[in-house]
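> Next come a sequence and a model predicted from it.
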Amino acid sequence: MTYQTALDLLAKRGVAVEQVAEIVHRLQSPYNADLTIEECVESVLAVLGKREVQYTLFTGIALDMLAEQKLLPDPLQSIMENDEALYGADETLALGIVHVYGMIGLTSFGYLDKEKAGIIRALNNNRSHIHVFLDDLVAGLAAAASARIAHKNKNARTYSAASSEENSVS
Ligand code: MG
């Protein structure tokens, strides 16, 4: 099953679901005080359950692994080895994961790209492996899982036409 393959591949590349869930918790706990790590793990697994997400992971991680084995054609091989700043295909690919859950995911992804929280920073600083794609894929996964929780937040206010009239400020 591709779901299990995606989990195994992440583990093989040094990423545990719990580490992604920690980032999700950090993103969402300011808006949801009762949020548990278990709920964040559940959300990461739900995002990973989508075939489109799994295929995106396979694509990016394959490029990282081929670059480590020096199997890519130049100039791509050199660009990947140098983690060239102007190379943006890693972020572009990861956006494919983020877009599954809309705009909240997009803003979180931008934030994580700057902050490089937790495992994202560890991947980014790891000099013995090439993680050009993986750091962005993990950020995309965390941003999507976080947006998914935001969309399901039971404490979110609901609005109707009547209540907006009642509450209008003159
Ligand atoms: Mg990258």
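Sure thing, it's come through.
> all contacts plus neighbour counts: C-alpha atoms, from now on.
OK.
> For burial, what's the neighbour tally of L134?
When neighbours are counted by other CA atoms under 10 Å, L134 registers 26.
> now stretch 126-144: how far from the chain's centre is it?
8 Å (CA atoms, centre = their mean, to the nearest Å).
> Could you list the residues of this protein in contact with the ion?
V132, F133 (CA under 5 Å from the ion).
> how much space between the residue in the chain that the ion sits nearest to and L112?
Of all residues in the chain, V132 sits closest to the ion, at 4.0 Å by CA to the ion. The gap separating V132 from L112 is 15 Å, by CA to CA, to the nearest Å.
> Compare neighbour counts for those two and give me the winner.
The neighbour comparison of V132 against L112 (other CA under 10 Å) goes to V132, with 27 against 23.
> Give me the pLDDT value at the residue of the chain closest to the ion.
Per-residue pLDDT puts V132 at 96.
> same question, K114
89.
> buried residues in whichever strand or helix holds it?
Using DSSP states H and E, K114 falls within helix 102-115. Across helix 102-115, burial judged by 16 or more other CA atoms under 10 Å covers I104, G105, L106, S108, F109, G110, L112, D113.
> Show me what counts as buried in the helix or strand that comes right after it.
Where DSSP H and E defines the elements, the next helix or strand beyond helix 102-115 is helix 119-125. In terms of neighbour count (16+ other CA under 10 Å), helix 119-125 has its buried residues at I119, I120, L123, N124.
> next one: stretch 32-41
Buried-residue list, stretch 32-41, by 16+ other CA under 10 Å: N32, L35, I37, E39, C40, V41.
> Now tabulate those residues in a markdown table and tack on secondary structure and pLDDT.
Output for the buried residues of stretch 32-41, formatted as a markdown table (DSSP: H, G, I helix; E, B strand; the rest coil; pLDDT from 0 to 100):
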| residue | secondary structure | pLDDT |
| --- | --- | --- |
| N32 | coil | 90 |
| L35 | coil | 95 |
| I37 | helix | 97 |
| E39 | helix | 97 |
| C40 | helix | 98 |
| V41 | helix | 98 |
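> can you list those in CSV and add distance to M80?
Below are these laid out as CSV (distance: CA to CA, whole Å):
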residue, distance to M80
N32, 38
L35, 38
I37, 34
E39, 35
C40, 31
V41, 31
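> low-confidence ranges in the chain?
Scanning the chain for pLDDT under 70 picks out 163-170.
> on that earlier part again, which one of the buried residues of helix 102-115 sits closest to N153?
Nearest to N153 among these: I104, at 12.9 Å, using CA to CA.
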